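[1] One predicted model, sequence on top.
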Amino acid sequence: MATALCPGSFDPVTNGHLDIIERTARHFDLVIVAVIRNPQKSQSLFTLEERQELLGEVTAHLDNVRIKFFKGLLVDFARDHGAAAIVKGLRAISDFDYELQMAQMNQRLSGIDTFFISTSPQHSFLSSSLVREVARFGGDVSSMVPPVVAKRLAECYESTKGAT
């Protein structure tokens, strides 16, 4: 049984993330969406548990997807879960520069290969940080995130409207 990991912070999960997860699920027996707390990113909007819950809701139609979160090295998590591959979505050349280094380090540490999937063109501009920024200022993100996520974003920022 071939297992793949789709790691990320998913804060929040976007339609671009969901596209990569769905496409990965077509090629692997089991996909573990590995929700990580990235210490290089600023304060998170959603807790790890909230992100796990949202991802569970938006991937409920995929029988071979599991949501888990972790701390530490991705390769340790991958080994612990018998993953054969790490799958990452690429939006632009700038993503590739960073992700290639990570893939090479992960391969060196563990022997686990990374597969890159190019993001679908309609999602290539999306990032969680841009979605948060648009939502924070009352912009419409309903075409960028699943409906449950759009609702949660509106709830998060409703209390801060006019406070900026």
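    That came through, no problem. Numbering: from 1, shown residues only.
[2] how many neighbours does N106 have?
    19 (other Cβ atoms under 10 Å). C-beta coordinates here come from the backbone N, C-alpha and C atoms, glycine included.
[3] where in the protein is pLDDT low?
    38-42, 159-164 (pLDDT under 70).
[4] What lies in contact with the biggest helix by length in it?
    Counting by DSSP state H, the longest helix found in the chain is helix 93-110. Under the contact criterion Cβ atoms under 8 Å, 6 or more residues apart in numbering, helix 93-110 has outside partners 73-75, 78-79, 86, 88-90, 112-114, 116.
[5] Could you tell me how many residues sit around A92?
    Count around A92 with other Cβ under 10 Å applied: 11.
[6] mind listing what it touches?
    S124.
[7] Could I get the full set of helices for the protein?
    Under DSSP H, the chain gives helices at 15-25, 48-58, 74-80, 93-110, 128-136, 147-158.
[8] of all those, which lies closest to V35?
    Closest to V35 of the helices of the chain is helix 48-58 (Cβ to Cβ; 5.1 Å).
[9] counting contacts, what elements does that closest one pack onto?
    With contacts defined as 3 or more Cβ pairs under 8 Å, 6 or more residues apart in numbering; DSSP states H and E, the packing partners of helix 48-58 are strand 30-36, strand 65-70, helix 147-158.
[10] Which one of those lies nearest to L45?
    Nearest of the helices and strands packed on helix 48-58 (Cβ to Cβ): helix 147-158, 6.3 Å.
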